[in-house]
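Participant: Here is a sequence with its predicted model. Questions after.
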Amino acid sequence: MNRPSCLLASALTAGMLLSTAACSRGDSVDSGRTDVPASPAAKDSPTALTEAQAMAALITNTDLGSEWTETQGTATWHDTLLKSKVDTEAFVTDKQNAVDCQKLLDGLYAEDLLGDPKGGQAVTGFDDSDNDGQMHYLVAGYTQSDVDAKLSWLKTLPDKCDQFTAVDNKGGKQTVQVISMSLPNVGDARQGLQITMNGELDGDPSTLTLDFAAVRVGDSALSFSNGGLNGADDASTQQAAQAGATRLKDVLAGKTPPPTQG
């Protein structure tokens, strides 16, 4: 063995002996090192959104246009049509789809399609004088993983609930259709749906059309429904998603949201 190789071998052997001796004494070889436990993944940590921040992130009627005003109360169709039960007999081949469609209707009625908030939350509502529509709007703190799971589930509903029958609380049958709806490229993740319910209200033919939109920004999210018996104004849905995501992003960054449009 040449001299450099001998020196390397000797050094390695000496190091191994010192390490073995230290272990046998219960001592640490690197006694000056302090190990810091790894922190949990940020996306699974509770959100820091406060109630005050959620309030500041709410849009106002001036974000939507002159036809929108603060709501005067929930429309009658909300309780009459949305509080419906899926006709499970129509789901002969896949009962799970019936469960998912019922969760959609229940979530629209209760306004909790993204699940229970984990942090601050704030709600508001508006009336559209042009078509007697309503918008119910929510900003809340969640966790990223929870919201992403809900958005992924919502994305499956146009296939699972393409068309089905629901029975309202007065026994009237509604033909429900669910399609996907595009939203502006805002926030970190988003999903839009349009739900149409054709049937009767108080004995007269009726068609309820609702846009539903959800946008995640960090660990927080905005969600809202928009529509009524005379249709849903798509432009207002797009405006609400755009303005709401901008305001929520600014609030989470510690900035003052931009002034609303006049």
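Facilitator: That came in fine, so what should we check first?
Participant: quick one, what contacts Tyr109?
Facilitator: His78, Asp79, Leu82, Lys83 (Cβ atoms under 8 Å, 6 or more residues apart in numbering). C-beta: built from backbone N, CA, C; applies to glycine.
Participant: can we see that at 7 Å?
Facilitator: Leu82, Lys83 (Cβ atoms under 7 Å, 6 or more residues apart in numbering).
Participant: element containing it, please.
Facilitator: Element membership of Tyr109, judged by DSSP states H and E, is helix 95-110.
Participant: what do you get for Asp112?
Facilitator: With DSSP H and E as criterion, Asp112 is part of no helix or strand.
Participant: With Gln121 as the reference, measure out to it.
Facilitator: Applying Cβ to Cβ, to the nearest Å, the value for Asp112 to Gln121 is 10 Å.
Participant: What of Leu138?
Facilitator: 7 Å.
Participant: Please apply the same query to Ala166.
Facilitator: Distance from Ala166 to Gln121, by Cβ to Cβ: 28 Å.
Participant: who's more crowded, those two?
Facilitator: Ala166 (24 against 18; other Cβ atoms under 10 Å).
Participant: pLDDT at that one, what is it?
Facilitator: We note a pLDDT of 95 for Ala166 in this prediction.
Participant: and it, that's in a helix?
Facilitator: No - Ala166 is assigned strand when assessed by DSSP: H, G, I helix; E, B strand; the rest coil, not a helix.
Participant: and it, what does it touch?
Facilitator: Contacts of Ala166 by Cβ under 7 Å, 6+ apart are Ser84, Lys85, Val86, Asp87, Leu105, Gln174, Val176.
Participant: Can you show me the strands along the stretch 51-200 of the chain?
Facilitator: With DSSP state E, counting those that start in this stretch as the criterion, the stretch 51-200 of the chain has strands at 68-70, 85-86, 121-128, 133-141, 163-167, 173-181, 189-201.
Participant: Quickly run through the sheet partners of the last one, with directions.
Facilitator: Sheet pairing here is set by DSSP bridges, and for strand 189-201 it gives strand 173-181 (antiparallel), strand 204-217 (antiparallel).
Participant: Make CSV out of these and add distance to Gly133.
Facilitator: Output for those, formatted as CSV (distance: least, Cβ to Cβ, whole Å):
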stretch, distance to Gly133
strand 173-181, 15
strand 204-217, 9
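Participant: which of those is buried the deepest?
Facilitator: Ranked by mean neighbour count under mean count of other Cβ atoms under 10 Å, the strands paired with strand 189-201 are led by strand 204-217, which reaches a mean of 21.
Participant: Any chance you could list what contacts the next helix or strand after that one?
Facilitator: The first helix or strand that comes after strand 204-217 along the chain, using DSSP H and E, is strand 220-228. Contacts of strand 220-228 with the rest of the structure, by Cβ under 7 Å, 6+ apart, involve 47, 49, 75, 108, 113-114, 131-142, 147, 209-215, 232-233, 236-237, 240, 244-245, 248, 252.
Participant: How far away from the center of its chain is strand 220-228?
Facilitator: Chain-centre distance of strand 220-228: 10 Å, with Cα atoms, centre = their mean, to the nearest Å.
Participant: Now do the same for that strand: mean pLDDT, whole number.
Facilitator: Averaging pLDDT along strand 220-228 yields 98.
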